[in-house]
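In: this one's structure only:
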């Protein structure tokens, strides 16, 4: 059963699964569901409707599931859904969604969200991401799996950050960032591939060479974006003919990301 400190305030409308621990001076509101093994250390505020999967750990003074900071919000019922195994450090704030989007803010699994990070309404965070201290995500931002955002990084509303991206400290992201890149600056620009991160995640030499070829086409050969896409499509056909499944998947992901970009992509 759940263990609740006597000083904590838990609404009768909250759902606590076995093994939940709620520490001193926490507040858990109606419509909050805490999965098995969640641990609220102290002084945590959770508002609903918010669902957390198993084994999330929330450090002091985090405020999670509050209403969106959006002047259009009129009290509509919207949600926050968080997966399993995440770590939310001190002072993290995460807001629920808005009806102007899909009414949902979502955080995946096994993310490391460090102190004073803000995740605004309607954001979508993937799995295995690291958001370092004081990262700020505006509304409707999407962050792909395994992305790492350096401290003080700010991301403009509606921007998309692809999988395996590494953003340097204090980057200011105002355009979409295709997968696999390393970016930095204000405004952020591309500075090559996130090679070290990719190696750590098992990308072999052949896959890295394929991605480096694609990067040169997109960023180093002076093509317009449309010309680069045509050349990347030709490279994809070569990989498909060679039955190179991993490289096909990597380049397909890049092309799909670019095709879906609404804000344009970062450039060198």
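Out: Received it, and whenever you're ready, just let me know what you need. Only a predicted model underlies this, so the values are computations on that prediction, with no experimental measurement involved.
In: What is the burial count for the nearest residue to residue 180 once chain neighbours are set aside?
Out: Leaving aside its sequence neighbours, residue 180 sits nearest to residue 164 (CB to CB, 6 or more residues apart in numbering; 5.0 Å). From N, CA and C alone the C-beta is placed, and that goes for glycine too. A count of nearby residues for residue 164, using other CB atoms under 10 Å, gives 24.
In: Provide the secondary structure category for residue 164.
Out: Secondary structure, DSSP: H, G, I helix; E, B strand; the rest coil: residue 164 is coil.
In: same thing with residue 134?
Out: The local conformation at residue 134, judged by three-state DSSP, is coil.
In: same check, this time on residue 238
Out: Classification of residue 238 by three-state DSSP places it in helix.
In: check contacts around it.
Out: Contact analysis of residue 238 by CB atoms under 8 Å, 6 or more residues apart in numbering lists nothing.
In: Pull up the per-residue confidence for the residue nearest to residue 180.
Out: As predicted, residue 164 sits at a pLDDT of 98.
In: For the residue nearest to the spatial centre of the chain, name its beta-bridge partners.
Out: The centre of the chain sits closest to residue 125, judged by CA atoms, centre = their mean, with a distance of 2.7 Å. On the basis of DSSP bridges, residue 125 is bridged to residue 107, residue 143.
In: got the contact list for residue 1?
Out: residue 18.
In: Tell me how many other residues crowd residue 69.
Out: Residue 69 is flanked by 14 other residues according to other CB under 10 Å.
In: Residue 255 sits in which helix or strand?
Out: Using DSSP states H and E, residue 255 falls within helix 245-259.
In: which helices and strands does that helix pack with?
Out: Packing partners of helix 245-259 (3 or more CB pairs under 8 Å, 6 or more residues apart in numbering; DSSP states H and E): helix 205-219, helix 225-241.
In: Of these, flag the one that's most buried.
Out: Comparing the helices and strands packed on helix 245-259 by mean neighbour count (mean count of other CB atoms under 10 Å), helix 205-219 ranks first with a mean of 17.
In: Compute the mean per-residue pLDDT across that helix, please.
Out: Per-residue scores along helix 205-219 average to 98.
In: swap in stretch 66-74?
Out: Confidence over stretch 66-74 (mean pLDDT, whole number) is 97.
In: any idea how far the closest residue to residue 16 other than its chain neighbours lies from residue 13?
Out: Spatial nearest neighbour of residue 16, excluding adjacent residues (CB to CB, 6+ apart): residue 2 at 4.0 Å. Residue 2 is 15 Å from residue 13, where distance means CB to CB, to the nearest Å.
In: Might one say that residue 132 is in contact with residue 151?
Out: Yes: Residue 132 is in contact with residue 151 according to CB atoms under 8 Å; the separation is 4.1 Å.
In: Residues that sit against both of those two, list them.
Out: Common neighbours of residue 132 and residue 151, counting by CB under 8 Å, 6+ apart, are 114, 169.
In: Can you pull out the low-pLDDT segments for the stretch 101-250 of the chain?
Out: Within the stretch 101-250 of the chain, no range satisfies pLDDT under 70.
In: buried sites along the helix holding residue 255?
Out: Within helix 245-259, the residues scored as buried using 16 or more other CB atoms under 10 Å are 247-248, 250-251, 253-255, 257-258.
In: which outside residues touch that helix?
Out: 160, 162-163, 176, 178-180, 206-207, 210-211, 214, 218, 225, 229, 232-233, 235-236, 239-240, 265.
In: ok, back up a step: tell me who's in contact with the residue nearest to residue 180.
Out: Neighbouring residues of residue 164 by CB under 8 Å, 6+ apart: 144-147, 179-180, 194, 197-198, 201.
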